[in-house]
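**Q** generate coordinates for the sequence data below:
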Amino acid sequence: MSSSGFHHHFKAFIDMSPLQFQKQLRLQEARRLMFGENLDATCAGFRGGDPSHFSRDNKRLFGHPPIKNIEHLRRAASSSVEA
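**A** Have a look, this model is predicted:
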C-alpha cells in the first residue's frame, strides 16, 4: 500500500490523519502522567512529545489549559469517590 493510500484509509477509518492520531495519543499520555503521577505540565509536555505546543494542543483537545484540566479531573474523581 502506498503512503497516500495508507493516509486515505487511516483517515476514513479513524476520522483523523495519522499525525493527528499520534498527537492525540501523546496528549492523552501526558494527561495521564499529570493526573496519575503528579507531573507538572512542563515535564508531561517533554514526555508527551512536543513541549513547545503542549499547552495549546492540550487546550484544543480537552478544552482547558493543562493545569485547569487536571484540577477539573481531580475534582470529578474526588466527588465520585465521595458519592
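**Q** most centrally placed residue in the chain?
**A** Leu27 (2.1 Å; C-alpha atoms, centre = their mean).
**Q** so who does Leu33 touch?
**A** Counting by C-beta atoms under 8 Å, 6 or more residues apart in numbering, Leu33 touches Leu39, Cys43, Ala44, Arg47, Gly48. To be clear about C-beta, it is placed using only N, CA and C from the backbone, and glycine gets the same treatment.
**Q** the second one: what's it in contact with?
**A** The one in question is Cys43. So Cys43 contacts Leu33 (C-beta under 8 Å, 6+ apart).
**Q** for it, what is the enclosing helix or strand?
**A** Secondary structure assignment for Cys43, by DSSP states H and E: helix 41-47.
**Q** now for the following helix or strand past that helix, which elements pack on it?
**A** Using DSSP H and E, the helix or strand that follows helix 41-47 towards the C-terminus is helix 54-62. Counting contacts by 3 or more C-beta pairs under 8 Å, 6 or more residues apart in numbering; DSSP states H and E, helix 54-62 packs against helix 18-36, helix 41-47, helix 66-82.
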